[in-house]
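> A predicted structure for the sequence below; I have some questions about it.
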Amino acid sequence: MQISHCLAVLQLPATLRRIDTTVDQKSLVARTIRRYQLMFAQLCRTLFLLVLGVPALAQAPRTWPLSAQPTLVLGGEKETSGFLSNVTGATRMSDGSVMVGDLGDHALRLYSAKGVLQRAFGRKGAGPGEIGYLARMFRCGDSVYTFDIEHGSRVSVFTLDGRYVRVFRFAAPLGESGPYASACNGAGVFVHHGWGNRTGMRPGLHRLVVPLWLTGADSVLRRVVDSIPGSERWGQTRGGKLVGTRPLPLGRQPVIGIGRNRVYAGTADQYVISVFDLQGRSLPPLQRAVAPRPVVKADVDAVIDEQVAGRSDEVRKRVAESIEQITLPQTLPPYSHLVIDRDDHVWVRAYASGGAVQVIWSVFSPTGQLVAEVKAPAPLEIYEIGRDYVLGRFVDADVGTPEVRLYTLTRSPGAAR
């Protein structure tokens, strides 16, 4: 690419403003063209500044270290104050106590800052304050939300001390059954992406286009932001008929997040995260230059290990045989998770290669600058990031018993708040 070409592309913002008034923003084609124009423009700006010799762009990002060992561990084989069966969320309170979402007899558990179980609530059931199957627990400002897929995908609202408040269901665009994945900000605004039209599901590999939309902590649809490629899935058959679908092992899965005034959505086709304001207008994307990584045997073995952790060799054999029937991708996705921290930074987790001990999280400022990298244990799924800690679920593939772990985070001096 020549600089003369880029000079023309740098005029795109004015062109795109004109496009806003002449095309239907609900058109997937128009929005896709717009997104890639913005991506191309940002690449050109980067090249232009590098040629001019701007030193900051050539500098490696800072490293923000985590503590070598967790400072708090909940659950695990040695747990004596309450066994955790399958953790689906966790959040830390201002006094250091931790609330954990779990699929056990009581969905919500509150532990002291020293790890002592203080209270269990949200028992199994369909009544007010009861939860059947906790698919995910969210912390949104001063409330906790539980997403119960056993009872009509209802959402129960609790205070941070565990008092039940109310129940509602998320609104969804016309033709969409409900959220496939959701995230929220501190003001209680949620972003969701959907399943897509179920009639488009088919045997073998497929990926439907799905809506990306906003709601509040209520049953009101605020805005459809965009349409994006959804979960990459494998349609399973029996007797020649489609009997169900599953996420494609090692496949591309969307990641979404919402900050104070920005919405983030990545499709994992390349290392690009689309950015929108809360009115649905496109902003310059977050991106990194990364080389594609081929899928190798260790990656497939890691998928099997995750599914059979702590189970018998016979189960492992059956899982391995089922994966042999699937057409796997040739390359790994560039990333797998996205989390917004308390300072509104965007953390993007690189997809972990099979057998990896650590994985790199790239930390972007709200305006898109890559400000830091954080190396975290590969088995740690991070739920929450504070100013000086990260909190998440840790599962040892050899044992299979989930833990909730808290690590100390040290941000570089002068790190942006």
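The structure has been received and is ready for your questions. Numbers count the residues shown, from 1 in each chain.

> mind listing the residues bridging to the closest residue to Arg262 other than its chain neighbours?
Leaving aside its chain neighbours, Arg262 sits nearest to Val275 (5.7 Å; criterion: Cβ to Cβ, 6 or more residues apart in numbering). For every residue, glycine as well, the C-beta is placed using N, CA and C. Beta-bridge partners for Val275, by DSSP bridges, are Tyr264, Leu283.

> identify the residues contacting Val275.
Arg262, Val263, Tyr264, Ser282, Leu283, Pro284, Pro285, Leu286, Gly368 (Cβ atoms under 8 Å, 6 or more residues apart in numbering).

> what pLDDT is listed against the fifth one?
It stands for Leu283. pLDDT for Leu283: 97.

> that one and Arg262 touch, don't they?
Yes - at 6.9 Å, Leu283 counts as touching Arg262 under the criterion of Cβ atoms under 8 Å.

> overlap of the contact sets of those two?
Contacts common to Leu283 and Arg262, judged by Cβ under 8 Å, 6+ apart, are Val275, Phe276, Asp277.

> okay, these in JSON lines with distance to Pro173 and pLDDT next?
Formatted as JSON lines, those follow (distance: Cβ to Cβ, whole Å; pLDDT from 0 to 100):
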{"residue": "Val275", "distance to Pro173": "21", "pLDDT": "98"}
{"residue": "Phe276", "distance to Pro173": "16", "pLDDT": "98"}
{"residue": "Asp277", "distance to Pro173": "19", "pLDDT": "97"}
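
> between those, which is nearest Glu130?
Phe276 (36.1 Å; Cβ to Cβ).

> quick check: end-to-end length of stretch 178-194?
Length of stretch 178-194, first residue to last, Cα to Cα, to the nearest Å: 6 Å.

> centre of the chain to that stretch, how far?
11 Å (Cα atoms, centre = their mean, to the nearest Å).

> looking at Leu283 and Arg262, which has the bigger crowd around it?
Arg262 (20 against 15; other Cβ atoms under 10 Å).

> pretty sure the more buried one contacts Asp277?
Yes - Arg262 is within contact range of Asp277, at 6.2 Å (criterion: Cβ under 8 Å).

> so what's in contact with these two at the same time?
Leu283.

> return the member of the shared contacts of Leu283 and Arg262 nearest to Trp361.
Using Cβ to Cβ, the shared contacts of Leu283 and Arg262 come closest to Trp361 at Val275, 17.9 Å.

> and Asp95, what does it touch?
Here Asp95 is in contact with Ala113 (criterion: Cβ under 8 Å, 6+ apart).

> what secondary structure does it sit in?
What DSSP: H, G, I helix; E, B strand; the rest coil gives for Asp95 is coil.

> distance of it relative to Val290?
40 Å (Cβ to Cβ, to the nearest Å).

> now do the buried residues in stretch 363-375.
Neighbour-count burial for stretch 363-375, counted by 16 or more other Cβ atoms under 10 Å, picks out Val363, Phe364, Ser365, Pro366, Gly368, Leu370, Val371, Ala372, Val374.

> and that stretch, average pLDDT?
95.

> likewise for stretch 323-334?
Rounded mean pLDDT across stretch 323-334 is 96.

> quick check: phi and psi at Ser322.
phi -70, psi -40 (degrees, to the nearest 10).

> got the phi and psi for Gly196?
phi 90, psi 180.
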